[in-house]
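Novice: sequence plus predicted model, see below.
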Amino acid sequence: MRGRGALIYVMGPSGAGKDTLLAGARASLDPAAFAFAHRYITRPPMPEDENFVALSPTEFAARRAAGFFAFAWRARNVDYGIGAEIDAWRTMGLCVVVSGSRADWAGGAPERAGAVPVLITAPAELLARRLEDRGRDKDVAARLARADAFAIDAPHLVRVENDGTVTEGVDALVAAFTAIRRGSAAAA
């Protein structure tokens, strides 16, 4: 019988490179060992977006009320959810990776679920440059202020400083995920 897989809850401020590093890690890791949860989001997809399920606000509310989400939160007038299917994946022994929110973590649900928090960070000047370069953020100053708004205080927090190349960031994230999975397997 397989042990219950780890739950990795990844978060970080806008511009930290979370989506880029997660895509690289997903391409690098064994899909028989790691499952990357998609998100349910109440906005239409845009070019170069993560792979997510777009829902209307009404659909999202109905699914939330029916208990379809393991985690759900609202940020910048958009609803985000992680499907409850992650529990089945963990029962199958998979290490589940979730792209979450610092605000949701602060609410306590992921921590109560036994998630290991992984915070992708970068220096403020690098965050500002990345936000300016991607050009889709209307208020870069507000995004930067939000970057400092949520301090994550967890004794088992794993930090990945994304201040080098994409390859270096992906390698650091893959190493962190592998170590978490190994630790989870040893505890089972």
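Specialist: Now that the structure is in, tell me what you want to look at.

Novice: who are the packing partners of the helix or strand containing residue 59?
Specialist: Under the assignment given by DSSP states H and E, the secondary-structure element containing residue 59 is helix 57-65. Packed against helix 57-65, as judged by 3 or more CB pairs under 8 Å, 6 or more residues apart in numbering; DSSP states H and E, are the following elements: strand 78-83. Using the backbone N, CA and C atoms, a C-beta is placed for each residue, glycine as well.

Novice: next SSE downstream of the strand it packs on?
Specialist: Counting by DSSP H and E, the next helix or strand C-terminal to strand 78-83 is helix 85-91.

Novice: if we can go back for a sec, kindly export the helix or strand just after the helix holding residue 59 (C-alpha atoms) in PDB.
Specialist: Of the helices and strands lying after helix 57-65 in sequence (DSSP H and E), the nearest is strand 69-75. Presented in PDB, the C-alpha positions along strand 69-75 are these (Å, rounded to 0.1, in the frame of the first residue of the first chain):
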ATOM      1  CA  PHE A  69     -12.800  23.000  -4.100                       C
ATOM      2  CA  ALA A  70     -10.100  22.000  -1.600                       C
ATOM      3  CA  PHE A  71      -9.000  25.600  -1.500                       C
ATOM      4  CA  ALA A  72     -10.600  28.800  -2.800                       C
ATOM      5  CA  TRP A  73      -9.800  32.500  -2.500                       C
ATOM      6  CA  ARG A  74     -10.400  35.800  -4.200                       C
ATOM      7  CA  ALA A  75      -7.700  38.200  -5.300                       C
END
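
Novice: thinking again about what came up before, go through the helix holding residue 59 and flag the buried ones.
Specialist: Of the residues in helix 57-65, those scored as buried under the neighbour-count criterion (16 or more other CB atoms under 10 Å) are 60, 63.

Novice: contacts for that helix next, please.
Specialist: The set of residues that contact helix 57-65 without belonging to it, under CB atoms under 8 Å, 6 or more residues apart in numbering, is 40, 42, 55, 69, 72, 79, 81.

Novice: off-centre distance for the helix of greatest length in the chain?
Specialist: Taking DSSP state H as the criterion, the chain has its longest helix at helix 166-187. Using CA atoms, centre = their mean, to the nearest Å, the mean C-alpha position of helix 166-187 is found 14 Å from that of the whole chain.

Novice: buried residues, that helix. List them.
Specialist: Within helix 166-187, the residues that qualify as buried by neighbour count (16+ other CB under 10 Å) are 169-174, 176-178, 180-181, 184.
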